[in-house]
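Chemist: need a 3D model of the following:
(one chain, ligands or ions: 1)
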Amino acid sequence: MKLQHRHFVIGITGGIAAYKTCELIRRLQDEGATIQVVMTESSTRFVSQLTFQALSGRPVYCSAWETPAQSGPANVARIANGQANDLLTTLCLAREVPLFIAPAMNRQMWQNAATQRNIAQLRHDSIRLLGPDTGSQACGEIGDGRMLEPQSLLAELIAQFGPHSEHPLAANTPNIRGVLQGKQLLITAGPTFEPIDPVRGITNRSSGKMGFAIAQAAADAGAAVTLISGPVHLTTPTGIHRVNVTTAQEMYDAVKAALLDLRRDCFIAVAAVADWRPSTVGDTKIKKDSGASLTEINWIENPDILASVAQQPNPPYCVGFAAESGSLNELEKLLPEKRARKSVPLLVGNIGETTFGEDTNQIMLCDENGTELLPTDSKSNLARILIFRIAQRLRHD
Ligand code: C5P
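Modeler: Here you go, the predicted model:
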């Protein structure tokens, strides 16, 4: 039970994703939390007050008055603009505790410039956005805007308020606003995909979540960010220039081009780049009975993007990642040697099996002073801690 003695107020707004909140409430209760539900008038058209009353075991409030307020759905726009025209938006304004918003909307609505303006405003106001996700939507379309699944929301809340969080109610992250103002950052994220033939290839389990969280934190800190991403299913964080690539060679070319284009203050290589690629790529699918065999593939080594940037004259401040297998003790032994081999001032280690695809992570920082293990936390929190540390380094460089 990781959320014992925690009490959450869950605000439900008018959208089809309201049904997912039922599951979230059950999972939070399984972890020992108590829940107070507040609904907007329009959300009661999707899931009834009675449902949430039964799930939470408490009366569900819609309005500060006896007669429910006649208002539209509380949404990011109203919270971003500080409008308090129903109970839920009033609570959002009159609070001392951290506010998290899990947006849920159709992809056109999410991409609309007005929505993006409001989202930027919320981030500026230190309101934490959880999601949205990418995928199929209730309207039949596919794209950004899906509400995060209950288990992802639960993981985020456990990371924020569970046993490992040091200052649970203050959201245990440093204030990074403005710490990278005027800085240019280049970040790689996600896996690469090396084709074997038109239908096959080799890749790895990297989801891109850590790299995207770092890009988001850097932008929140005021940096101009270029994010070079391998194939992932993630929404581009607001205000970030994203370049999509598939192979390691394409990522290498994109990094070189980005460095020619602009002087960068910092390069963070988070991508899980394939070390090898097939020396030739079949024009057609290699068939089982064609005589050619997948066991006869010849491999050539991909360029090491991070090492090549770190070894250039007058390099940006370079941060590498090392996803390893095994124990934290082994990681601690391995990091200093790898940091020296890559010639980077800061190397961040993590255990591949426990980070790839997850919303939480445990990282070990390795610099000239040795190694430091940070407690398990959400990737978004760890990203903010890392960005804070990098900003301190850039100031002293
Ligand atoms: O040597 P290893 O693959 O463990 O190093 C990982 C670090 O190096 C990561 O920061 C990764 O982004 C980077 N890397 C790279 N190009 C490669 C291989 C790894 O930039 N070809």
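Chemist: residues from the protein in reach of the ligand?
Modeler: 188, 248, 269, 271, 273, 275, 302, 304-306, 320-322 (CB under 6 Å from any ligand atom). Quick note: C-beta positions are derived from backbone N, CA and C, even for glycine.
Chemist: turn those residues into JSON lines, columns for secondary structure and neighbour count.
Modeler: Below are those laid out as JSON lines (DSSP: H, G, I helix; E, B strand; the rest coil; neighbours: other CB atoms under 10 Å):
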{"residue": "T188", "secondary structure": "strand", "neighbour count": "31"}
{"residue": "A248", "secondary structure": "helix", "neighbour count": "24"}
{"residue": "A269", "secondary structure": "strand", "neighbour count": "28"}
{"residue": "A271", "secondary structure": "coil", "neighbour count": "28"}
{"residue": "V273", "secondary structure": "coil", "neighbour count": "23"}
{"residue": "D275", "secondary structure": "coil", "neighbour count": "12"}
{"residue": "N302", "secondary structure": "coil", "neighbour count": "18"}
{"residue": "D304", "secondary structure": "coil", "neighbour count": "18"}
{"residue": "I305", "secondary structure": "helix", "neighbour count": "24"}
{"residue": "L306", "secondary structure": "helix", "neighbour count": "24"}
{"residue": "G320", "secondary structure": "strand", "neighbour count": "27"}
{"residue": "F321", "secondary structure": "strand", "neighbour count": "24"}
{"residue": "A322", "secondary structure": "strand", "neighbour count": "18"}
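Chemist: give me the low-pLDDT residue ranges for the chain?
Modeler: Applying pLDDT under 70 to the chain flags residues 65-74, 164-173, 290-294.
Chemist: can you tell me the centre-most residue of it?
Modeler: Closest to where the C-alpha atoms of the chain average out (CA atoms, centre = their mean) is A213, at 3.8 Å.
Chemist: remind me which helix or strand the closest residue to that one other than its chain neighbours belongs to.
Modeler: Nearest residue to A213, sequence neighbours excluded (CB to CB, 6 or more residues apart in numbering): A383, at 3.8 Å. Using DSSP states H and E, A383 maps to helix 379-396.
Chemist: what helices or strands is that helix leaning on?
Modeler: With contacts defined as 3 or more CB pairs under 8 Å, 6 or more residues apart in numbering; DSSP states H and E, the packing partners of helix 379-396 are helix 150-161, helix 209-220, strand 266-269, strand 317-324, strand 346-351, strand 360-361.
Chemist: dump these to TSV, plus distance to R177.
Modeler: Shown next, in TSV, are the helices and strands packed on helix 379-396 (distance: least, CB to CB, whole Å):
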stretch	distance to R177
helix 150-161	18
helix 209-220	7
strand 266-269	18
strand 317-324	20
strand 346-351	22
strand 360-361	23
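Chemist: for the chain, which segments count as helices?
Modeler: Counting by DSSP state H, the chain has helices at residues 18-30, 49-56, 76-80, 87-93, 107-111, 113-124, 150-161, 209-220, 248-261, 305-310, 328-342, 352-355, 379-396.
Chemist: give me the contacts around the longest one.
Modeler: If you take CB atoms under 8 Å, 6 or more residues apart in numbering as the criterion, helix 379-396 is touched by 128, 156, 159-160, 171-174, 176, 179-180, 183, 209-210, 213-214, 216-218, 220-221, 265-266, 268, 317, 319, 345-346, 348, 358-361, 363, 365, 374, 377.
Chemist: filter those down to the buried ones.
Modeler: 128, 156, 159-160, 171-173, 176, 179-180, 183, 209-210, 213-214, 216-218, 220-221, 265-266, 268, 317, 319, 345-346, 348, 359-361, 363, 365, 374, 377 (16 or more other CB atoms under 10 Å).
Chemist: L374 touches C366, doesn't it?
Modeler: No. L374 is beyond contact range of C366, at 11.8 Å (criterion: CB atoms under 8 Å).
Chemist: follow-up on the earlier one: can you redo the helices of the chain as a markdown table with distance to Q36?
Modeler: Listed next are the helices of the chain as a markdown table, based on distance: least, CB to CB, whole Å:
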| stretch | distance to Q36 |
| --- | --- |
| helix 18-30 | 10 |
| helix 49-56 | 7 |
| helix 76-80 | 18 |
| helix 87-93 | 10 |
| helix 107-111 | 28 |
| helix 113-124 | 22 |
| helix 150-161 | 15 |
| helix 209-220 | 29 |
| helix 248-261 | 47 |
| helix 305-310 | 48 |
| helix 328-342 | 39 |
| helix 352-355 | 33 |
| helix 379-396 | 25 |
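Chemist: winner for burial among these?
Modeler: Highest mean neighbour count among the helices of the chain (mean count of other CB atoms under 10 Å): helix 209-220, with a mean of 27.
Chemist: by contact count, what packs against it?
Modeler: strand 184-189, strand 224-229, strand 266-269, helix 379-396.
Chemist: report the angle between that helix and helix 379-396.
Modeler: 50 degrees (axes from the mean of the first three to the mean of the last three CA atoms, to 10 degrees).
Chemist: hmm, who's touching helix 209-220?
Modeler: Contacts of helix 209-220 (CB under 8 Å, 6+ apart): 123, 176-177, 180, 185, 187-190, 225, 227, 229, 232, 234, 237-240, 268, 270-271, 321, 350, 355, 357-359, 361, 379-380, 382-384, 386-387.
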